[in-house]
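A.B. asks: let's see this in three dimensions:
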Amino acid sequence: MGLRPSHIPLRLATGAFILNSGLGKTGLDEGSAGYLQSMAAKAFPQLSRLEAEKFGRYLAAAEITLGSVLLAPFVPSRVAGLGLLAFSSGMMTMYLRTPELTQEDGIRPTQDGTAVAKDVWMVGIALSLILDRRKK
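C.D. replies: The predicted model follows:
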């Protein structure tokens, strides 16, 4: 499956958003990189083994790569959707495994958690790109 006209808005919105986020992380100072790393390590403890600056560089590179893949019209939508699903699933895992981001029920966001919980839209977009099996 290539790029369908109905996929263009989905890929443009997410691709531009993620690419911009990655570009903004290219110059992270050690403190900012450390903060992002500590958040990610709550969900994926093995990330705490990296140096903060290295984590920041890897995160920026991953976001730039994913954003670029989503924006590239020659990348099939299903492939772009799989990359987006991996990324957004990681974000949702971090959200659900960080107690201060959710209320007592473990689902609804606290005020601090809203910034991450809203990324659930990326899961929906990813699934739409992957599951759309209509014939051209």
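A.B. asks: the helices in the protein, which residues?
C.D. replies: Along the chain, counting by DSSP state H, helices occupy 8-24, 30-43, 52-71, 77-97, 114-117, 120-131.
A.B. asks: how many residues are close by G124?
C.D. replies: 11 (other CB atoms under 10 Å). Heads up, the C-betas are built off the backbone N, CA and C, glycines and all.
A.B. asks: distance of it relative to L36?
C.D. replies: 24 Å (CB to CB, to the nearest Å).
A.B. asks: buried residues, the helix or strand of the chain with the lowest mean pLDDT. List them.
C.D. replies: Scoring the helices and strands of the chain by mean pLDDT, DSSP states H and E places helix 114-117 at the bottom, with a mean of 89. Neighbour-count burial for helix 114-117, counted by 16 or more other CB atoms under 10 Å, picks out V116, A117.
A.B. asks: which of the helices of the chain has the lowest average pLDDT?
C.D. replies: Least confident of the helices of the chain, judged by mean pLDDT, is helix 114-117 with a mean of 89.
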